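**Q** Give me a model of this one.
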Amino acid sequence: MSEGVSLSLSGGLGMLLLDVILLLLCFHECLSIPLNQLTGYRLTGRDGDALLPEISPSATPQPFLPILAPSPLAPFTNTTVPKLSGICMLNFTAAENLMRMTSIDCFAAFAPLLANVICCPQLLATLVILVGQSSKESGMLALNATLAKPCLSDIEQVLAGQGASDSLKLICSIQPANLTEASCPVKDVDEFESTVDSSKLLSACEKIDPVKECCDQVCQNAISEAATTIAQKTSSLLSMDGPHVLPEHSTRINDCKVIVLRWLASKLAPSRAKEVLRGLTNCNVNKVCPLIFPDMKHVTNNCGKEISNQTACCNAMDSYVSHLQKQTLITNLQALDCATSLGIKLQKSNITRNVYNLCHLSLKDFSLQVGNEVSGCLLPSLPSDATLDKFTGISFICDLNDNIPAPWPSMSQLPASSCNRTIRIPALPAATSGQIGVYNEYARLCLHVALAVALMLVL
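**A** Okay, here's the model as predicted:
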């Protein structure tokens with residue numbers, strides 16, 4: 001076969017053309033490799049000192065690594081026609097892009113793992129926006145109990161038809177009451193706007209900085225003020241200042257906050273409303289460690305008091321942490337909270353030595369382990385979404401630059417506020433797209449191989 005090719009090409013020009021063809025074929029082969037085969041390309045093992053930082057926490061973060069779902073994804077390439085109730089007045093067509101993004105963020109296989117950080121915040125934002133946008137026609141910032149149940153069912157049907165999990169009500173604790181006014185006494189748009197300073201509210205919340213807002217709370221304070229104002233429309237809530245607020249009063253204010261958010265969503269484009277709502281939710285997400293800490297008796301037996309056997313202690317810690325790694329994906333700030341919370345629990349169990357340092361535990365050890373070579377995936381602390389490619393599937397970005405040792409808390413230390421961190425944690429990748437960044441890096445490697453082969457042919 002090679003002889004036939006040689007006969008069709010003559011002299012130096014023929015060899016040059018052959019080299020070019022081989023180069024292009026090799027480069028094309030590199031570019032055609034699905035991304036879901038590259039997930040282990042930049043992951044490193046966890047043996048020995050591999051847990052120690054390889055990158056300075058203050059260094060500029062490199063692109064995030066996309067984690068991909070298996071392909072092909074039939075639910076997204078062949079969406080099913082949902083069976084709707086026919087009585088829900090929510091405009092799904094106007095929110096088509098929003099619904100599709102939610103179905104990707106809550107993709108069936110990943111929904112339980114992304115629930116805390118991506119899926120449920122996106123789903124809750126979708127519910128707020130759908131009802132808020134419908135208020136422009138209905139004049140109401142809530143659905144009545146009769147419509148809430150079929151509307152929630154319709155939303156589930158639409159999302160499931162586009163590939164989302166069919167268990168979102170259970171995963172995200174959603175119920176028909178999430179579409180009603182609940183205990184808030186105001187749901188009429190005209191009454192709302194005559195009661196609160198709507199221009200002040202809109203000015204504070206029409207655009208937020210997702211980092212500054214969590215600390216300055218400009219929009220959050222405006223929402224709380226508006227919610228308290230409309231909650232006071234009930235005679236039993238004429239005085240709700242200070243510590244005298246009863247639990248039911250606090251619940252009512254929280255229900256009214258949802259009404260405020262729906263009003264905001266009615267005044268903003270769905271894409272802008274989503275940015276605001278996800279930014280606000282993210283402030284609360286990063287404050288709490290979502291992990292459940294199992295019994296640590298085995299750890300205390302091997303690491304308590306004076307550690308006589310370091311190997312046994314670290315084996316016990318590794319075994320304990322392995323249970324945490326099977327729970328869920330968390331953000332880098334959540335990992336910091338989890339490390340602090342676990343450290344305090346260990347100290348209360350009479351473990352006084354810094355076992356994080358002793359056993360080389362890093363923040364990534366507190367999150368779900370992913371990739372061909374096991375490595376912790378920490379989601380970025382700023383709001384993010386999963387992405388869909390019809391060839392490679394669903395992907396989401398993991399910050400693999402957080403090679404930061406887990407900090408051992410000082411005695412009686414409470415989890416630090418994200419506004420007062422002593423450890424710098426990257427929030428966003430350096431490249432505009434983590435997927436493009438990794439893909440191009442691999443493509444450059446393939447190109448180097450192709451050039452080497454071509455050079456060998458020429459020589």
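
**Q** Put the alpha carbons of the longest strand belonging to the chain into PDB.
**A** In the chain, with assignment by DSSP state E, the single longest strand is strand 393-398. The C-alpha coordinates for strand 393-398 follow below in PDB (Å, rounded to 0.1, in the frame of the first residue of the first chain):
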ATOM      1  CA  GLY A 393     -22.100  15.000  27.100                       C
ATOM      2  CA  ILE A 394     -22.600  17.000  30.400                       C
ATOM      3  CA  SER A 395     -19.600  18.700  32.000                       C
ATOM      4  CA  PHE A 396     -19.000  20.800  35.000                       C
ATOM      5  CA  ILE A 397     -15.800  22.500  36.100                       C
ATOM      6  CA  CYS A 398     -13.700  21.300  39.000                       C
END
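
**Q** So which other helices or strands are in contact with that strand?
**A** strand 65-68, strand 378-379, strand 387-389, helix 434-458 (3 or more CB pairs under 8 Å, 6 or more residues apart in numbering; DSSP states H and E). All C-beta atoms are positioned from the backbone trio N, CA, C, and that covers glycine.

**Q** worst average pLDDT in those?
**A** For these, mean pLDDT drops lowest on helix 434-458, to a mean of 34.

**Q** I'd guessed A227 sits against K257; true?
**A** Yes: counting by CB atoms under 8 Å, A227 does reach K257; the two are 4.3 Å apart.

**Q** who's more crowded, the two?
**A** A227 (23 against 20; other CB atoms under 10 Å).

**Q** For that one, give me its contacts.
**A** A227 makes contact with 184, 253-254, 256-257, 259-260, according to CB atoms under 8 Å, 6 or more residues apart in numbering.

**Q** rerun at 10 Å
**A** Contacts for A227 (CB atoms under 10 Å, 6 or more residues apart in numbering) come out as 184, 186, 196, 252-261.

**Q** burial of L159, as a residue count?
**A** 24.

**Q** what about it, which SS state?
**A** For L159, the reduced secondary structure class is helix; criterion used: DSSP: H, G, I helix; E, B strand; the rest coil.

**Q** Could you report the distance from the nearest residue to it once chain neighbours are set aside to V260?
**A** Leaving aside its sequence neighbours, L159 sits nearest to S103 (CB to CB, 6 or more residues apart in numbering; 4.8 Å). Distance, S103 to V260, by CB to CB, to the nearest Å: 27 Å.

**Q** tell me which residues in stretch 269-276 are buried?
**A** 270, 273-276 (16 or more other CB atoms under 10 Å).

**Q** Restricted to helices, list those.
**A** 270, 273-276 (DSSP state H).

**Q** any idea which of those is closest to E248?
**A** V276 (28.4 Å; CB to CB).

**Q** can you give me the end-to-end distance of stretch 83-92?
**A** 13 Å (CA to CA, to the nearest Å).

**Q** Would you mind listing the buried residues in that stretch?
**A** Buried residues in stretch 83-92 (16+ other CB under 10 Å): 84, 88, 90, 92.

**Q** what does stretch 304-311 give?
**A** For stretch 304-311, by 16+ other CB under 10 Å, it's 304, 307.

**Q** Specify the local secondary structure of the closest residue to C151 other than its chain neighbours.
**A** For C151, ignoring the flanking residues on the chain, the nearest one in space by CB to CB, 6+ apart is C88 at 4.0 Å. For C88, the secondary structure call by three-state DSSP comes out as coil.

**Q** Relative to L264, how far out is C88?
**A** Taking CB to CB, one finds C88 at 22 Å from L264.

**Q** Any stretches of this protein with poor pLDDT?
**A** Within the chain, the segments meeting pLDDT under 70 span 1-79, 235-246, 371-374, 400-402, 411-418, 420-459.

**Q** how about 90 then?
**A** 1-83, 93-94, 109-110, 233-249, 304-308, 352, 368-377, 380-381, 388-404, 410-459 (pLDDT under 90).

**Q** Would you mind confirming that S153 makes contact with K83?
**A** Yes: using CB atoms under 10 Å, S153 is in contact with K83, at 9.3 Å.

**Q** how about stretch 95-114: buried residues?
**A** Those would be 95, 98-108, 110-114, for stretch 95-114 by 16+ other CB under 10 Å.

**Q** What's the end-to-end length of that stretch?
**A** 22 Å.

**Q** from memory S138 sits against C88, does it?
**A** No: contact criterion CB under 10 Å: S138 and C88 do not qualify, at 11.8 Å.

**Q** thinking again about what came up before, kindly provide the distance from the residue nearest to C151 to S103.
**A** 18 Å.

**Q** Same check on S271?
**A** From S271 to S103 the distance is 16 Å (CB to CB).

**Q** and what of A227?
**A** 30 Å.

**Q** Pull the contacting residues for K326.
**A** Here K326 is in contact with 368-369 (CB under 10 Å, 6+ apart).

**Q** On the three-state scheme, it is what?
**A** Once three-state DSSP is applied, K326 turns out coil.

**Q** Give me the distance between it and I292.
**A** For K326 relative to I292 (CB to CB), the value is 11 Å.

**Q** number of nearby residues for the spatially closest residue to A111 that is not a sequence neighbour?
**A** Excluding its sequence neighbours, the residue lying closest to A111 (CB to CB, 6+ apart) is S165, at 3.8 Å. Neighbours of S165 under the rule other CB under 10 Å: 23.
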